Every structure is written in C-alpha cells, then in structure tokens.
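> Kindly return the folded structure for what I paste below:
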Amino acid sequence: VNEGFARVSAAAFVAQLDPTLDELNDLFYAHGWTNGTPINPPTEEAVAEMCRGTDLPRDHVVATLAPMNGKATVEKIAINGVMAGCTPTMMPLLIAIAEGMGDHDVIKLEGWTCSNAGWLPTIVVSGPIRNAIGINSGRNFLSAYTRPQACLSRAMAYMIMNISGVRMQQEDMSGPGSDCRFGLCVAEDEENSPWPTLPADLGLEDGDNAVTLFWPSEHHQLPTFNVSSTLNRLCSVWHGGFDVGAMITLPPETARQFADAGYTKQDILTYVKEYNRRPSSEIPRAAIGNNHPRKGLVFPAPRLVHSAPLFWNTEHMFVMVAGRDWGMCYLGGGDHGGPVCKKAELIDYSSIKGMFIYRPYGYAIWENIQKLVDAELKRTNHVNVAMPVLIPENLLKKEGELVEGFAPEAAWVTMGGSEKLEERMALRP
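Numbering: from 1, shown residues only. Modelled structure (predicted):
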C-alpha cells in the first residue's frame, strides 16, 4: 500500500484531518491514491457498511498483489470500493476481483501492470448478480452508463494503485500507456446466449456468480453478417504479442447463427487458432525470447515466408455473448497469463441438493427482488398469501402434469418424530 495507507487506515486518516470534500479529493490525489476524479470519502461508517457485504473479517487477507506484494485485506478492498463509488452489494465482486488478480498460478500481475506495453484491465461479470445490480449486457454494453460498470472497473484500478503499489512512470513502465488503463467492466448476455456461460467454460458451474479478468491491449470491431464473414474477420486480425490471447464478443444474433451451424465456442476458438496465420518473418522473435516462452517452444525461423500462427493454443482465448449487431475482438492478454475466473460468494451450496445458504448481501439482493415483486403485485391489485411448507401427497397428485415432472426431484417427509406418517408429504418447491 502507498505511504499514507500503510500508516493508518484511510478512514482514520480522514477522521484525523476532517477536510472538506474538495480538500479530501486534492489530498488523495496529491498522495497518488487516485487519478484526480472525485471520490466518495472512505469514512469509518462508509467502510463499515461496505464490509457488511461479506462475512469475512476486516483483517482477512484475500490476496497478495504484485508488483509490490501489497496485502489485499477485506478492509483495504472496501476502502477502494468506497472511493470508487461502489455499493455494499458489489463487495462480493470486489473480493473476487482481488482474488483473481492475486492468482499467480494463472496470471502474472506484475507483467500486466509493469510491462512496456499498454494493457486494458477487463472485468466480465456472469451470473444472476448481473441483473440484480443492474449491469447492461445488451446494446451499448461497452459503454459505462451503469453504476456497477463505472465503479467496479474504477475500484479495480484503485486497488492496483493502492494495494499493488503501481505508480505512473515508476512501476507502470508502459511506453504508450492505455486509454483504458482505468478499466472496462462488461457482462455476459446469458439469457440470449445459445452456449454455456463463461464460468462453465473456465472451471466453475454454469450460472455461478463470477468475475473473469483479462488484460488485452487492443480491440477490433467485427462486422458480423454471417458465420463465414465473421470467421474470416477473426482470422485476419493481428497482434504483435508473444503469447497472444483473445476475448471474442459476439452479439446474440451472430452467436445463434454459429450455434445453428453446429459450432460450439471451442469450435470457434480452434478454427481461429488454426487459420489465423502470417509469414513467420512477422512473428516478434525478440519479444518471445525476452519474456517467458513456453517450454519446448520452437521459434519461427527469421526471414522465411512459411506461415506461422498468431495463437499458439486456445488457453488464453474465450468467447462470450453480449451487445447487439456488431461483434468485438480484444487482442492481447495471454502474454502474462489469463483469463482467470473467480466465484463471487453471494451464496453457498448446502449439503442438501437444491438448498442454498444465502450470504449477507446475497440475501439483501433477494430482499430487494422481493420488494420489487411485491410492489408490482400491489400495483396490479394482487395480494400475498402464505401456504404450508408441506403438501400431502394426495393433494400434490391432483396437479397431474406438474407432479410428473416434479416428483423425481421432490423431497419427502415420511416421519413425524419417531412415528411413521400415514401419508408422506412433499416439501413445497
């Protein structure tokens, strides 16, 4: 953490000085804790409220973040989240972002943050939390019109500054820099995708609330009229990295065309890996040798014209569905690892199938959903009722077709204390 944050918590720092909002912003900017855009004061009250978004203790170390090996505690994550304008319901995502940045087996954060190239920190949010907190995954999905998109990416950038310890022209040695150094936050359009979600592709469960982190360095717009033109465009883009990755975003219309033609997401990646090729003389041999080349890599021979692939494998490539009409291809990433996908701990799975443990702000999101539904019911002159949890089997059978599909998954109560019930009862679904 930078100097001031190391001595005292930001909340205590603010309390000691009692500055005006303008003075606070100037103070934090002078210390290198922000890029000068206005922040929310990380008061003790605001940080405590943010920490309610997790059941982890404030001093719990979520991750150690390169290059300066700062300890990303829950409190420090919360401080940067408050500064960026996040709400407590975003705290599980912030923790998952910190976990992802600290997963050194998958990514090399010191490479992304200190490289001579310019990288774009990218967050992809998956799962029901996208809609619960209001992230847009349709038209304009790249534009940060929604609060979560603007604030989550900014919070990640502040964590890199204040916990990782990255400073302009010191640790950050990018020659050109990046016009998106303060990040991009987008979401999958899962409802309109014909394929499994990104977490399912990257080792988690389909439907999990999760964040995927990736660090591309350039992007290309893709006219996506049909399968062949899209593949042709994907096989024509080029990038000068030494272990190139790609984040390919297709609009739902194009994704459906691919799915109808029998393509999986992996089929698309395999095709692009195989057929995106250039003369071997265009491969940046010096960049490969000066970094961490793969063991056993055969270097392309210089000054020859036989073809060589842009992508060595599909390990650093992924496909997601979002937006409308036009596709996007973000190139880069992979040079220092990634993508990395981490679960946002809103709920836990219990030992009983179909029953969940809602964590504090996971349940808070559920309460908000209940309020919205209840308001709509009352607006349309409907009323709520409460029904018994247990349903006698003879009543359930009256539902006919419903029981036929439901019965194999039903949980039945057959004992009352130590006595066997005359009729078993189903737990209401």
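> Am I right that I39 sits in a strand?
No. Going by DSSP: H, G, I helix; E, B strand; the rest coil, the assignment for I39 is coil, not a strand.
> Could you check how many residues crowd around it?
The number of residues packed near I39 is 21, by other CB atoms under 10 Å. Yep, even glycine has a C-beta here, placed from its N, CA and C like the rest.
> Identify the spatial nearest neighbour of it, chain neighbours not counted.
M83 (4.3 Å; CB to CB, 6 or more residues apart in numbering).
> Check which helices and strands the strand or helix carrying the one you found sits against.
Secondary structure assigned from DSSP states H and E places M83 in helix 74-84. Helix 74-84 sits against helix 10-17, helix 44-51, helix 91-101, helix 147-162, with contacts defined as 3 or more CB pairs under 8 Å, 6 or more residues apart in numbering; DSSP states H and E.
> rerun at 10 Å
Judged by 3 or more CB pairs under 10 Å, 6 or more residues apart in numbering; DSSP states H and E, helix 74-84 is in contact with helix 3-7, helix 10-17, helix 44-51, strand 61-65, strand 70-73, helix 91-101, helix 147-162.
> surely the residue nearest to I39 meets Y29?
No. In this structure M83 lies outside contact range of Y29 using CB atoms under 10 Å: 11.4 Å.
> sorry, back to before: show me the contacts for the residue nearest to I39.
The neighbours of M83, taking CB atoms under 10 Å, 6 or more residues apart in numbering as the test, are 10, 25, 28, 33-34, 37-42, 46-47, 151, 154-155, 158-159, 162.
> low pLDDT regions in the stretch 151-300 of the chain?
By pLDDT under 70, the low-scoring segments of the stretch 151-300 of the chain are 284-300.
> for it, what spans make up the helices?
Along the stretch 151-300 of the chain, the stretches classed as helices by DSSP state H, counting those that start in this stretch are 198-201, 227-234, 252-260, 265-275, 285-289.
> and the closest residue to I95 other than its chain neighbours, how many neighbours does it have?
Spatially, and ignoring its direct neighbours in sequence, I95 is nearest to V62 (5.6 Å; CB to CB, 6+ apart). Using other CB under 10 Å, V62 is surrounded by 22 other residues.
> And V62, how far from T146?
25 Å (CB to CB, to the nearest Å).
> quick one: the longest helix seen in the chain to chain centroid distance?
Secondary structure of the chain per DSSP state H: the longest helix is helix 360-379. Between the mean C-alpha location of helix 360-379 and the chain-wide mean there is a distance of 24 Å, by CA atoms, centre = their mean, to the nearest Å.
> what comes up buried for the helix or strand that that helix is followed by?
Next along the chain after helix 360-379, taking DSSP H and E as the criterion, comes strand 390-392. Buried residues in strand 390-392, counted by 16 or more other CB atoms under 10 Å: I391.
> Could you please name the strands strand 390-392 pairs with and the direction of each pair?
strand 419-427 (antiparallel) (DSSP bridges).
> Identify all contacting residues around the partner strand.
354-355, 388-397, 403, 406-407, 410-416.
> Please state the offset of that strand from the chain centre?
45 Å.
> Please point out which parts of that strand sit buried.
M425, A426.
> same question, stretch 96-114
Buried residues in stretch 96-114, counting neighbours by 16+ other CB under 10 Å, are found at 96-103, 107-114.
> And stretch 227-234, by the same measure?
For stretch 227-234, by 16+ other CB under 10 Å, it's V227, T230, L231, R233, L234.
> L222 is in contact with the second one, correct?
Yes. With the criterion set as CB under 10 Å, T230 and L222 qualify as a contacting pair; they are 6.3 Å apart.
> what touches both of the two?
Shared contacts of T230 and L222 (CB under 10 Å, 6+ apart): I248, L250, T254, G327, C329.
> For those, which single residue is the most surrounded?
Highest neighbour count within those, by other CB under 10 Å: L250, with 28 neighbours.
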